[in-house]
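*Asks:* Here is the input, now give the coordinates:
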Amino acid sequence: MLYRWIVVGVALGGMGIAAGRAAAPDLPYRQAGLTERQAALHLLNRFSFGPRPQEVDQVVQMGLNRWLDTQLAQRPDPDLQNRLKHLTVLQPGGETSRFSNRKEILAAAQQAGLKLRELGPDATPAQKAAFRKQLNAFIEQKGITTRGALQTDLMAQKILRATYSQNQLAEVLSDFWYNHFYVSRRDRAAALWILDYEMRAIRPHALGKFPDLLRATAQHPAMLLYLDNAQSSAGPEALTLGNRRRPQPQGEMAPKRARGLNENYARELLELHTLGVDGGYTQQDVIEVARTFTGWTLLPDGKLRQKVMAATAGAPVAPTFRGDFAFIPSRHDAGPKLILGQRFPGNQGLAEGEQVLTLLAGRPATAQHIARKLAIRFVSDTPPPALVERLSQTFLRTGGDTPSLIRTLVASPEFWQPAAQRAKIKSPFELVISALRGLNAEVTEPEAVVRWLERLGQPLYAYPAPSGYPDQAEAWVNTGALLNRMSFALDLSAGRIPGVTVQLVGRPTDTLNSALERYSALLLPEVNPGQLRQRVMPLLENPQSLGNLEALAPAMPMDGQSMTPAENGKADKGKKGEKLSRRPRRTPEALPSVSAQVVGVLIGSPEFQRR
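*Replies:* Predicted structure coming up:
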């Protein structure tokens, strides 16, 4: 019965929406039978990570168009900045700081005269504690930031931004575009650059134009490393700039293994980032595009860059440096190329790659691909073709302007139709953040939330393929996952997640009926209360069944492989069986209050799983 309630409920959890008062003239929600309040809720379900208490009424009071204008403009957000200020990596220059691993720290400690060496397997607890104390003291004294601290702060800032940012549309779009131009932290080399990638390549362009976003990701070290373009170079027989055969570096600048053409980035650029899998390109196009991007690599400012500059002094074409990005002419295949029917004469250097990016960004197939992904994200898993075509035309007309695409969405009748209301199943990230926002939770230790996301099957920044996490229901709806969602909901409502505080407004005299009435209005406004009561009351009237649900919930794999295996030609570089984090720890608990039981069941209900 419990399995059937969860699985069938999530699969079929559509709900009616009543007709209401007149709509704003330029947002066609009235034609779909929505009140202004229902339309405000729909906007929040689509363009935020879920409404906070009273936020629906605030949007109505502000006006739907004005709220959207404010979101597109992005307001200053001092409260969020205050919540982020304790994160070291977000301090000026922090996202590009040097992060050390354990081996490097131990070597530095030994060089400083400390007798610190890795302990053997027979070390006692006291020896381990003394070792950690001495090592941590050295780290603090030298101001060293570890790779572990980088990863912790990376995920903490994502949780805090999504939960507390006033600029919710910017957060949703940053998440969307990061998932589109995906880089996984399971690649150890790329992982050190992911925060910088999000801060410098994704976020500044999330509400900008697609060509700028495409160029920023293409030239960022995280992408260059993740899809192996940093190692891609012209073959030994290819002509490089200056019509010379490619010189072979000697000494310490010589590569440790033979380099050559690498097609990974070119393939994903065409298949995932621009044209789409059915975008009309061939394998020869992939090869030609890969040749175009030879010489695109990274070379942060430092001694090695100075050596390269000295070694290339007097060369026909000098290297180009933009931040940490570098274009090395001697590694670039300067021959002519034919891409998608367009000829590139050769000897164009860095400009050639930028011309290819411009070509791809303006193709109709790219417009269709991006339009469909936006429609899936903001409307439904099977978006109406007419809407996709309308978005595609806007993309081509505006040069991929994201605000124009958002305005086209909300001006489209398909966006407001009953079939689009709560048509999307929330991903684990969307579920967790919407619950935190809906309960006005105070998150002081995001690490526990991160561990819950791993258990729910969506470890942050750790999908094993460059396609990014799926955005359709079939990826998230199965019995085990849904039982884990209910377990999360019950832990959250009962205050059993460390570092997360929820103040429920229950009363000692609360009954199931009164608590259900209060919290359904808070968490599920506009949902038919009769249908909701009929669905959840059998579970609430049998508290023992809640414990049974939690016992049935399986532990999700902690190796980052709970999702689809690596695909699209990019192998997962994480170690097999590697654990990303430990399972969330349960704290001792008393019997949950009536309010906690009701809130837990509502968050775990089929209705709350939808947006």
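*Asks:* Need the pLDDT of T88.
*Replies:* Looking at T88, its pLDDT is 81.
*Asks:* Okay, it and S404: tell me how far apart.
*Replies:* Going from T88 to S404 by Cβ to Cβ, to the nearest Å gives 38 Å. C-beta coordinates here come from the backbone N, C-alpha and C atoms, glycine included.
*Asks:* what about these two, which has more around it?
*Replies:* S404 (17 against 14; other Cβ atoms under 10 Å).
*Asks:* residues in contact with the nearest residue to that one once chain neighbours are set aside?
*Replies:* In space, S404 comes closest to T398 once its chain neighbours are excluded; the distance is 4.3 Å by Cβ to Cβ, 6 or more residues apart in numbering. Residues in contact with T398 (Cβ atoms under 8 Å, 6 or more residues apart in numbering) are 209, 404-405.
*Asks:* from those, which ones fall inside helices?
*Replies:* 404-405 (DSSP state H).
*Asks:* which of the contacts of T398 lies closest to T320?
*Replies:* K209 (22.7 Å; Cβ to Cβ).
*Asks:* didn't the closest one look like it was pressed against P403?
*Replies:* No. If you go by Cβ atoms under 8 Å, K209 and P403 don't touch, sitting 9.4 Å apart.
*Asks:* mind checking how far the closest residue to F210 other than its chain neighbours is from R363?
*Replies:* Using Cβ to Cβ, 6+ apart and skipping residues adjacent in sequence, the residue nearest F210 is G400, 2.9 Å away. Distance, G400 to R363, by Cβ to Cβ: 11 Å.
*Asks:* Just want to know which of the two has more residues nearby.
*Replies:* G400 (22 against 19).
*Asks:* If I look at that one, what pLDDT would I see?
*Replies:* At G400, pLDDT is 99.
*Asks:* That one reaches A361, doesn't it?
*Replies:* Yes. With contact defined as Cβ under 8 Å, G400 reaches A361; the gap is 6.1 Å.
*Asks:* what sits in contact with each of those two?
*Replies:* Joint contacts of G400 and A361 (Cβ under 8 Å, 6+ apart) are 210-211.
*Asks:* so how far is E198 from the closest residue to P592 other than its chain neighbours?
*Replies:* Of all residues not flanking P592 in the chain, A494 sits nearest, at 4.4 Å (Cβ to Cβ, 6+ apart). For A494, the distance to E198 equals 33 Å [Cβ to Cβ].
*Asks:* Model confidence score at T35, please.
*Replies:* The predicted local confidence for T35 is 96.
*Asks:* Same check on N243?
*Replies:* 52.
*Asks:* Please apply the same query to Q531.
*Replies:* pLDDT at Q531 comes out at 88.
*Asks:* List the buried residues for the host helix or strand of it?
*Replies:* Secondary structure assigned from DSSP states H and E places Q531 in helix 529-540. Neighbour counts over helix 529-540 (16 or more other Cβ atoms under 10 Å) mark 532, 535-536, 539-540 as buried.
*Asks:* And the helices in the stretch 101-250 of the chain, which stretches?
*Replies:* Under the criterion DSSP state H, counting those that start in this stretch, the stretch 101-250 of the chain carries helices at the ranges 102-111, 125-142, 147-164, 168-180, 188-191, 194-197, 210-218, 221-226.
*Asks:* which of those has the lowest average pLDDT?
*Replies:* Among the helices of the stretch 101-250 of the chain, helix 102-111 scores lowest, at a mean of 66.
*Asks:* For A326, find the nearest of the helices of the stretch 101-250 of the chain.
*Replies:* Across these, closest to A326 is helix 221-226 (Cβ to Cβ), at 9.4 Å.
*Asks:* surely S392 meets Q368?
*Replies:* Yes. Using Cβ under 8 Å, S392 makes contact with Q368 at a distance of 5.0 Å.
*Asks:* Which residues are in contact with the residue lying closest to T217 once chain neighbours are set aside?
*Replies:* Setting aside the residues directly before and after it, T217 is nearest to F181 in space (Cβ to Cβ, 6+ apart), at 4.3 Å. Contacts for F181 (Cβ under 8 Å, 6+ apart) come out as 201-202, 213, 217, 223, 273.
*Asks:* From A222, how far out is F181?
*Replies:* From F181 to A222 the distance is 9 Å (Cβ to Cβ).
*Asks:* Show me whatever sits in contact with both of the two.
*Replies:* A201.
*Asks:* Would you agree L261 is in contact with N229?
*Replies:* No. Here L261 does not reach N229: they are 10.3 Å apart, not a contact under Cβ under 8 Å.
*Asks:* per-domain residue ranges of the protein.
*Replies:* 2-15+424-603, 81-120+134-208, 227-247+259-361, 364-420 (automatic domain parsing).
*Asks:* hey, where'd the helices end up in the stretch 301-450 of the chain?
*Replies:* Going by DSSP H, counting those that start in this stretch, the stretch 301-450 of the chain shows helices at 303-311, 350-361, 364-378, 385-398, 402-410, 413-416, 428-438, 446-455.
*Asks:* Columns distance to R66 on top of these, output as TSV?
*Replies:* Below are these laid out as TSV (distance: least, Cβ to Cβ, whole Å):
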stretch	distance to R66
helix 303-311	49
helix 350-361	32
helix 364-378	20
helix 385-398	22
helix 402-410	13
helix 413-416	18
helix 428-438	21
helix 446-455	32
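*Asks:* just those: most buried one?
*Replies:* helix 428-438 (a mean of 24; mean count of other Cβ atoms under 10 Å).
*Asks:* Does anything pack onto it? Which helices or strands?
*Replies:* Judged by 3 or more Cβ pairs under 8 Å, 6 or more residues apart in numbering; DSSP states H and E, helix 428-438 is in contact with helix 147-164, helix 446-455, helix 479-493.
*Asks:* Can you report how many residues lie near the residue nearest to P592?
*Replies:* 22.
*Asks:* Please apply the same query to L460.
*Replies:* Neighbours around L460, by other Cβ under 10 Å: 23.
*Asks:* Distance of it relative to H220?
*Replies:* 19 Å.
*Asks:* Kindly report the same for G33.
*Replies:* Counting by Cβ to Cβ, the gap from G33 to H220 is 46 Å.
*Asks:* hmm, back to that, single out the most deeply packed of the helices of the stretch 101-250 of the chain.
*Replies:* For the helices of the stretch 101-250 of the chain, where neighbours mean mean count of other Cβ under 10 Å, the stretch averaging the most is helix 221-226, with a mean of 26.
*Asks:* Outside of that one itself, which residues are in contact with it?
*Replies:* 181, 183-184, 187, 189-190, 193-194, 196-197, 201, 217, 229-230, 265, 296-298, 300, 324-325, 466, 570.
*Asks:* how about a cut-off of 7 Å?
*Replies:* 181, 183-184, 187, 189-190, 193-194, 197, 217, 230, 296-298, 324 (Cβ atoms under 7 Å, 6 or more residues apart in numbering).
*Asks:* cool, and stretch 407-419?
*Replies:* With Cβ under 7 Å, 6+ apart, stretch 407-419 has contacts from 17, 26-29, 31-32, 34, 42, 68, 378-380, 384, 386-387, 390-391, 394, 420.
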